[in-house]
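Colleague: test case, fold it:
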Amino acid sequence: MAEVNILSEKRVKTTKGDLNQLRKAGNVPGVLYSKEIEQPINFVTSELALRPVVYTKEMHLINLKIDDKEYKCILKDTQFDPVTDRLIHVDLQAIKTGEKIQVQVPIKLEGLSIGVRNGGRLQQHLHRLEIECLPKDIPDIIPLDISNLNISESLHVKDLSLGDINILSKEDALIVAVVAPRGIEETSGTEEEGETDETPATEETGKQETENN
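Modeller: Numbers count the residues shown, from 1 in each chain. I've put the predicted structure just below:
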């Protein structure tokens with residue numbers, strides 16, 4: 001897992017006005033949580049420093065320096081302004097070597113499925129997998145090969161095996177599926193209806209011919 005160094009300062013003022021001033025200056029307030037810390041630590045860092053860990057699909061180990069202390073942590077949550085879509089808050093969780101941690105890791109689909117090559121449509125339902133493992137075992141991403149996935153086939157969480165990593169997501173959760181294109185589905189339905197309508201007409205025609213004879 002890639003590492004990112006972030007410098008920050010302990011944040012004392014927490015009023016709405018103070019936070020708005022920090023954001024206007026290009027900074028982002030955050031909170032660091034840890035089992036070893038009685039009270040969460042409020043900190044502030046630059047929005048630019050957080051970009052490598054926020055605007056990415058991969059997991060990163062963060063070396064967060066708050067004043068003169070350093071903490072190893074991971075990104076747990078983010079908040080964005082609903083109007084400007086700018087980052088306005090982050091939650092970080094400190095981790096400890098040798099102690100398992102629960103995290104959500106992005107799923108990355110790899111390969112071009114047989115079904116898609118045959119005209120099917122790919123639908124990804126689950127984008128992150130919740131796992132539990134040691135910090136050293138946290139993967140950047142969880143690769144999922146879909147090359148052999150054909151039309152009407154799918155992959156669920158129960159189909160995955162990650163070795164020493166414990167999967168916490170529900171086993172029956174659907175990750176990805178290849179469905180038939182809409183055109184084929186509609187054409188198939190039309191043909192079936194046509195066959196049903198034609199059968200009585202043919203039988204009726206046969207009866208009329210027999211009576212005439």
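Colleague: restricting to C-alpha, output stretch 25-36 in PDB.
Modeller: The C-alpha trace of stretch 25-36 is given here as PDB (Å, rounded to 0.1, in the frame of the first residue of the first chain):
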ATOM      1  CA  ALA A  25      -7.900  29.900   3.000                       C
ATOM      2  CA  GLY A  26      -7.600  26.500   1.200                       C
ATOM      3  CA  ASN A  27      -7.500  24.300   4.300                       C
ATOM      4  CA  VAL A  28      -9.600  21.400   5.400                       C
ATOM      5  CA  PRO A  29     -10.500  20.500   9.000                       C
ATOM      6  CA  GLY A  30     -10.300  16.900  10.100                       C
ATOM      7  CA  VAL A  31     -10.600  14.500  13.100                       C
ATOM      8  CA  LEU A  32      -8.200  11.700  13.900                       C
ATOM      9  CA  TYR A  33      -9.700   8.800  15.800                       C
ATOM     10  CA  SER A  34      -7.700   6.100  17.700                       C
ATOM     11  CA  LYS A  35      -8.200   3.500  20.300                       C
ATOM     12  CA  GLU A  36      -5.100   4.700  22.100                       C
END
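Colleague: phi, psi of Glu21?
Modeller: Let me fix one detail, which is that residue 21 is Gln and not Glu. Dihedral pair for Gln21: phi -70, psi -40, per degrees, to the nearest 10.
Colleague: burial count for it?
Modeller: Neighbours of Gln21 under the rule other C-beta atoms under 10 Å: 12. All C-beta atoms are positioned from the backbone trio N, CA, C, and that covers glycine.
Colleague: domain parsing for this protein?
Modeller: 2-96, 103-183 (automatic domain parsing).
Colleague: how far does the longest one sit from the chain's center?
Modeller: What it means is domain 2-96. Taking the mean C-alpha point of domain 2-96 and that of its whole chain, the gap between them comes to 21 Å (C-alpha atoms, centre = their mean, to the nearest Å).
Colleague: hmm, Pro141 is touching Pro106, no?
Modeller: In this structure residue 141 is Ile, not Pro. Yes - under the criterion of C-beta atoms under 8 Å, Ile141 makes contact with Pro106 at 5.1 Å.
Colleague: who touches both of the two?
Modeller: By C-beta atoms under 8 Å, 6 or more residues apart in numbering, Ile141 and Pro106 have these common neighbours: 57-59.
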